[in-house]
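> Compute the structure for the input listed below.
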Amino acid sequence: MEGSILIFGANRFSRQQKVLEYANALLEGKITSFRPANPDVLVIEKVAEKNNISIEQVREMIKFLAEYPFQESHKIVIVSKAESLTIPAQNALLKTLEEPPAYALIILEAKSENSLLETVVSRCQKIAVKSLERPEDDSENSVAKIQAMDIGNRFVWAEETSKMEKQDIVDLLEEWVGTLRKDVMRNREAIGVTLKVAKDLDQTNINVRLALEYLVLNI
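Sure, this is the predicted structure:
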């Protein structure tokens, strides 16, 4: 598949798995992570400490696509959390989405189709995804395991987790929300706290460790 597609819905882990599925359909299974070291794959995402994906990053993408693939048969651009694109950045993207090079696949990954301009959405094939569970080997960060810890171990977890990339922490908390929503009545307060911390981490320069300590005290 070449062209422009929008992958939306569920949690970010599920969306990333669908992104990898489409990328690997073109590149014969060579993409094993969401940030591959491949000269023909470009991942556009928010720069550290920035709240948006800028028009300059979109221009970088357009320049990247203007050149033929280096070692693969196709070039792939993945726009991670596309809802973070500024309005000027989205407008700058329109022509490329509508008429991408024949060798290119552009994948926008976003929370929802309503989080982007209609002019952007209308230029993409839309693919809604369903939630997937992480493999069992990721269970050390499951919300159920954290809730079962005593307060001392919760603070240890908060300290260790604060060393992760901030975006990875936000993704993890979004997955927690999906899990907690399976029993909304029981987890209403925990859902609210987790959503608040995820939003603060995503949109402000809040101290990560303090935010996670607040979280583990209140779930």
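> Contacts for the least confident helix or strand in the chain by mean pLDDT next, please.
In the chain, the helix or strand scored least confidently by mean pLDDT, DSSP states H and E is helix 166-180, which has a mean of 85. For helix 166-180, contacts defined as CB atoms under 8 Å, 6 or more residues apart in numbering pick out 10-13, 45-46, 48, 81, 131, 134, 141-144, 161-162, 164, 187, 190-191, 194-195, 197-198, 201-202, 208, 212, 215. Any C-beta I mention is one placed from the backbone N, CA and C, and that applies to glycine too.
> If any of these are buried, put those into a ChimeraX selection.
Selection of buried members from these for ChimeraX, criterion 16 or more other CB atoms under 10 Å:
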select :10,11,12,13,45,46,81,134,141,142,143,161,162,187,190,191,194,197,198,201,202,208,212,215
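> Could you list which of the contacts of helix 166-180 belong to helices?
12-13, 143-144, 161, 187, 190-191, 194-195, 197-198, 201-202, 208, 212, 215 (DSSP state H).
> Pass me the low-pLDDT residue ranges in the protein, would you?
Residue ranges of the chain with pLDDT under 70: 1, 48-49, 131-140.
> can you do 50?
When residues are selected by pLDDT under 50, those of the chain lie in 136-137.
> Where do the strands of it begin and end?
Counting by DSSP state E, the chain has strands at residues 3-8, 41-44, 75-79, 104-110, 125-128.
> tell me the angle the third one makes with strand 104-110.
Going back to what we said before, that points to strand 75-79. Per axes from the mean of the first three to the mean of the last three CA atoms, to 10 degrees, the angle that strand 75-79 makes with strand 104-110 is 10 degrees.
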